[in-house]
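Q: When you get a sec, could you give me coordinates for this:
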Amino acid sequence: ALLAESGGGTVKAGGSLRLSCAASGYMSDAFDDYAIGWFRQAPGKERKMVACINVRDGVTIRSDSRYTISSSAQGKTVYLQMNRLKVEDTGVYFCGADFDCSGSRFGHWGPGTQVTVSS
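A: Residues are numbered from 1 along each chain as shown. Presented below is the predicted three-dimensional model:
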């Protein structure tokens, strides 16, 4: 996989987690050309974007103010900081790439990282 997620785990409601999405291969070489999105897939539900960053200009979007997305051009990594976690944040988190956050062709999915928030 060209993208690899890490940082998931089990936390209590109200806690925080920081997820990482590391690029490799040709995606690492052309990291600035991509938009990297974080998506959550809850059990039995579709995968939905929770945040995205256009790496080149740093423009971001997010579905919730508790999430902060950032990138490290040097590290070829995109981070998702999640604060004040809720039970409904539970799911498998994937990162994917497209050429713009408004794109509809996100791909190059990593294997995902599980986030479980307990009450």
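Q: what's the helix or strand for the residue most central in space within the chain?
A: Centroid-nearest residue in the chain, with CA atoms, centre = their mean: Trp38, separated by 2.6 Å. Using DSSP states H and E, Trp38 maps to strand 35-41.
Q: quick revisit: who's in contact with the residue nearest to the centre of the chain?
A: 19, 21, 49-52, 67, 69, 78, 80, 93-95 (CB atoms under 8 Å, 6 or more residues apart in numbering). All C-beta atoms are positioned from the backbone trio N, CA, C, and that covers glycine.
Q: can we see that at 6 Å?
A: 50-51, 80, 95 (CB atoms under 6 Å, 6 or more residues apart in numbering).
Q: Let's see if you can find the most crowded of those.
A: Within the contacts of Trp38, neighbour counts (other CB atoms under 10 Å) peak at Cys95, which reaches 29 neighbours.
Q: From Lys45, how far out is the closest residue to that one other than its chain neighbours?
A: Spatial nearest neighbour of Cys95, chain neighbours left out: Cys21 (3.5 Å); criterion: CB to CB, 6 or more residues apart in numbering. Between Cys21 and Lys45 the computed distance is 21 Å (CB to CB, to the nearest Å).
Q: Look at the two and report which has more neighbours.
A: Cys21 (27 against 9).
Q: Which residue is the nearest non-sequential neighbour of Arg47?
A: Leaving aside its sequence neighbours, Arg47 sits nearest to Gln41 (CB to CB, 6+ apart; 4.3 Å).
Q: Can you report how many residues lie near that neighbour?
A: When counting by other CB under 10 Å, one arrives at 14 neighbours for Gln41.
Q: so what's it bridging to?
A: Beta-bridge partners for Gln41, by DSSP bridges, are Arg47, Val92.
Q: wait, isn't it in contact with Tyr93?
A: No. Using CB atoms under 6 Å as the test, Gln41 is too far from Tyr93 to be in contact (7.9 Å).
Q: This completes my enquiry, with thanks.
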